[in-house]
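J.: Just need the structure, nothing else, for what follows:
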Amino acid sequence: MTDRELAPTGDGELRASPLELFFDLVFVFVITQLTASLAHHLTPGGLARVLVMLAVIWWMYDAYIWVANAVPPRTHGQRGLMLLGMGCFLVIALSVPRAFDGGGEAFGWAYLLVIAVHTGMFATAGVRPGAVARMGALNLLGAGLVIAGGYLRGGPELLLWTAAFGLQLVIPYLVDLPRFQLRSDHFVERHGLVVIVAFGESVIAIGVGIGEARLTPAPATTAILALAVCVGLWWAYFGADDEEKAVHAMARLDDARRNLAAIKVYNLGHYALLLAVILFATGAKTATAHPTSPIHLPEALALSGGTALFLCANTGIRRTLALGPTRLRLLTAALVLAITPLGTQLNPLTQLATTTVLLALLFHTEARRQPAPERPIAEQRHHDSEELGDRHPPGVLAVDEMG
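T.: Presented below is the predicted three-dimensional model:
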């Protein structure tokens, strides 16, 4: 395989296209379905199912971000393939509620089509047929495990789907991933948009929790506090200009290290972020439905655990790309977990209010510790000259500057 074999087409800045944003709307429904599934089965077994479903879905969804980075959907053919992939993801989302209760076959066959479309999109990138065949064959093997699991159901299904995800993790090392020339600007932007889409599910969960109940001060306040926590998580990801810093951090790496960082940060790291949002949304749904009554431990753990997991995953991303301080975020994550009993002993309104205060203190402390931005060199020199002019006669200033 040559160095240009997996290189993206086109030069200059690459931005997310409107079609890609449209494509993300389907992912909102995927997150919604997984949240609903977890809310109905908030048990260790239910969590394990959501963990595996999110893993296999997110892996291929992220693969579409990679292929759009290499082949921006500009022609009618490329757009048609992406729309076809969107339809397949919709079928996968529709099959999520019964994926382990008789609907796994539909999930598996739609997943197979997702992989076939993805392979076809890479084929249009001018990649050597052998490389496309190798990547497609490995992905199809994973789809075969998903399909087989869908027919077996239960424990064997969970085992086979876990094996499919394990296979997916090694695929990048078997298809000359270091030779793929990733466009950092587009890649970072697309993943940021996916995170925003996931936050949208939390907002939906807040509304679903209240439902048609009368909007009294207690549920209204709880809803606002749940939204405030979402804002805090948004701030953790975007508030310190981390997205722009991430673009520069990724761009400074060579192709091999950039692609491995992309797997670690944007596939595995964002998998943890998305799982965190699903957990929080599950807890928020219960919180807004029963704002002033004690809730069960699983719901309270989902509320705190989702927030804590997001902060931990965000910390790992910041540390990997050297984006900023991390210790306070880990400390806050531990404190958020520690206040879980507030939900079970008092009510979720109190738990959310305390979480909001902890997040506010975290970001306020980080802002105070943040060093002042350095002035541009030209501006600093002009400022220094003005100060010298105030203290010295013009002749002395001229000599000092020349010296």
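J.: show me what contacts the closest residue to Val52 other than its chain neighbours?
T.: Closest residue in space to Val52, ignoring its immediate chain neighbours: Trp161 at 4.7 Å, by Cβ to Cβ, 6 or more residues apart in numbering. Heads up, the C-betas are built off the backbone N, CA and C, glycines and all. Taking Cβ atoms under 8 Å, 6 or more residues apart in numbering, we find Trp161 in contact with 52-53, 55-56, 145-146, 149.
J.: Spatially, which two of these are the most separated?
T.: The largest separation in these, counting by Cβ to Cβ, is between Met53 and Leu145 at 13.6 Å.
J.: which one of those two has more residues nearby?
T.: More neighbours surround Met53 than the other of Met53 and Leu145, with 26 against 23 (other Cβ atoms under 10 Å).
J.: wait, that one sits on Ser95?
T.: No: Met53 is beyond contact range of Ser95, at 9.7 Å (criterion: Cβ atoms under 8 Å).
J.: how close does the residue nearest the centre of the chain sit to Asp242?
T.: Nearest to the mean C-alpha position of the chain, by Cα atoms, centre = their mean, lies His270 at 3.6 Å. Remark: distance between His270 and Asp242 (Cβ to Cβ, to the nearest Å) = 13 Å.
J.: for the closest residue to Gly154 other than its chain neighbours, helix, strand, or coil?
T.: Distance criterion Cβ to Cβ, 6+ apart; nearest residue to Gly154, sequence neighbours excluded, is Phe100 at 7.1 Å. Three-state assignment for Phe100 (DSSP: H, G, I helix; E, B strand; the rest coil): coil.
J.: Could you report the neighbour count for Phe100?
T.: Neighbour tally, Phe100, other Cβ under 10 Å: 25.
J.: In contact with it: list those residues for me.
T.: 49, 153-154, 157-158.
J.: Of those, which is the nearest to Gln345?
T.: Nearest to Gln345 among these is Arg49, at 29.5 Å by Cβ to Cβ.
J.: what is the mean pLDDT for the one helix or strand that closest one maps to?
T.: Element membership for Arg49, per DSSP states H and E: helix 44-70. For helix 44-70, the mean pLDDT works out to 93.
J.: next SSE after it?
T.: The C-terminal neighbour of helix 44-70 among helices and strands, as given by DSSP H and E, is helix 76-95.
J.: Residues in contact with that next one: which ones?
T.: Contacting residues not belonging to helix 76-95 are listed as 19-20, 22-23, 26-27, 29-30, 32-33, 57, 61, 64, 68, 71-73, 103-104, 106-107, 110-111, 113-114, 117-118, 120-121, 124 [Cβ under 8 Å, 6+ apart].
J.: chain center to that helix: distance?
T.: 20 Å (Cα atoms, centre = their mean, to the nearest Å).
J.: for it, which positions count as buried?
T.: Using 16 or more other Cβ atoms under 10 Å as the test for burial, helix 76-95 gives 78, 81-82, 84-86, 88-89, 91-95.
J.: likewise stretch 264-273?
T.: 265-271, 273.
J.: Drop anything exposed from the contacts of helix 76-95.
T.: Judged by 16+ other Cβ under 10 Å, buried ones among the contacts of helix 76-95: 19-20, 23, 26-27, 29-30, 32-33, 57, 61, 64, 68, 71-73, 103-104, 106-107, 110-111, 113-114, 117-118, 120-121, 124.
J.: ok so, going back, now the phi/psi pair for the residue nearest to Gly154, please.
T.: phi -110, psi 10 (degrees, to the nearest 10).
J.: Break this protein down into its domains, please.
T.: Domains of the chain are assigned by automatic domain parsing as 18-181, 206-369.
J.: From the buried ones among the contacts of helix 76-95, which land in helices?
T.: Helix and strand membership here follows DSSP state H; of those, those in helices are 19-20, 23, 26-27, 29-30, 32-33, 57, 61, 64, 68, 104, 106-107, 110-111, 113-114, 117-118, 120-121.
J.: residue contacts, Arg98?
T.: Arg98 neighbours (Cβ under 8 Å, 6+ apart): Gly104.
J.: hmm, 10 Å instead?
T.: Contacts were defined as Cβ atoms under 10 Å, 6 or more residues apart in numbering; by that measure Arg98 touches 37, 104, 106-107.
J.: Closest one to Ile171 out of those, please.
T.: Checking the contacts of Arg98 against Ile171 with Cβ to Cβ, the nearest one is Phe107 at 19.9 Å.
J.: hang on, that closest one packs against Ile147?
T.: Yes: counting by Cβ atoms under 10 Å, Phe107 does reach Ile147; the two are 8.6 Å apart.
J.: low-confidence ranges in the protein?
T.: Where the chain drops to pLDDT under 70, the residues are 1-12, 125-129, 131, 176-179, 371-403.
J.: please redo it, this time with the cut-off set to 80
T.: 1-13, 122-132, 153, 172-181, 209, 211-213, 370-403 (pLDDT under 80).
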